[in-house]
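[1] A predicted structure for the sequence below; I have some questions about it.
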Amino acid sequence: MFVKQLSIFVENKQGRLADILDALSKNGVDICALSLADTTDFGVLRIIASQPELAQRVLRDEGVISKTSEVLAVEMNDTPGALSAILRVLDTGNHSVEYMYAFVGQKDNKAIVVIKTENLEDAEKHLTENGIHTIHAENLYRSF
């Protein structure tokens, strides 16, 4: 099982990002991780949320366009070289990274990296076979 991520399309106008985050907050949605990339007219906010289905309903009710997709969440030591080692393993399995972002975990000097590849199932299998721990959604969401 993978982690659900929401990709939210945000108009590039002052206050719009805060409005979206306020709506999620008022409905009890906690954000664990996020990444924001922008273009001239809009930004794409990617979030891992405590309640992805609720988050999507709130966004829809607010008239915000969003899409749910699956990504890998990989646990790693929060030390120099840990991310590079994971990327090397993916490379040996011929898995290209489409995008990724990371956040520091709440315990044991761990970090979590969120990774999107073309074939998540094969990438997860390859990582696991090489001793790299992926985190399933229910375990990640429980940490909220």
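    Thanks, I have it.

[2] strands of the protein, residue ranges please.
    In the chain, the strands defined using DSSP state E lie at 3-11, 31-38, 42-49, 66-77, 97-104, 110-117.

[3] dump the ones you listed into a markdown table; add mean pLDDT as well.
    Output for the strands of the chain, formatted as a markdown table (pLDDT from 0 to 100):
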| stretch | mean pLDDT |
| --- | --- |
| strand 3-11 | 95 |
| strand 31-38 | 90 |
| strand 42-49 | 94 |
| strand 66-77 | 95 |
| strand 97-104 | 92 |
| strand 110-117 | 93 |
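
[4] of all those, which lies closest to Val89?
    Closest approach to Val89 among these (CB to CB): strand 66-77, 9.7 Å. C-beta here means a position set from N, CA and C on the backbone, and glycine is covered the same way.

[5] may I see the buried residues of that closest one?
    Ser66, Val71, Leu72, Ala73, Val74, Glu75, Met76 (16 or more other CB atoms under 10 Å).

[6] before we move on, the earlier item: turn the strands of the chain into a markdown table, including distance to Arg57.
    Shown next, in a markdown table, are these (distance: least, CB to CB, whole Å):
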| stretch | distance to Arg57 |
| --- | --- |
| strand 3-11 | 11 |
| strand 31-38 | 16 |
| strand 42-49 | 12 |
| strand 66-77 | 10 |
| strand 97-104 | 24 |
| strand 110-117 | 22 |
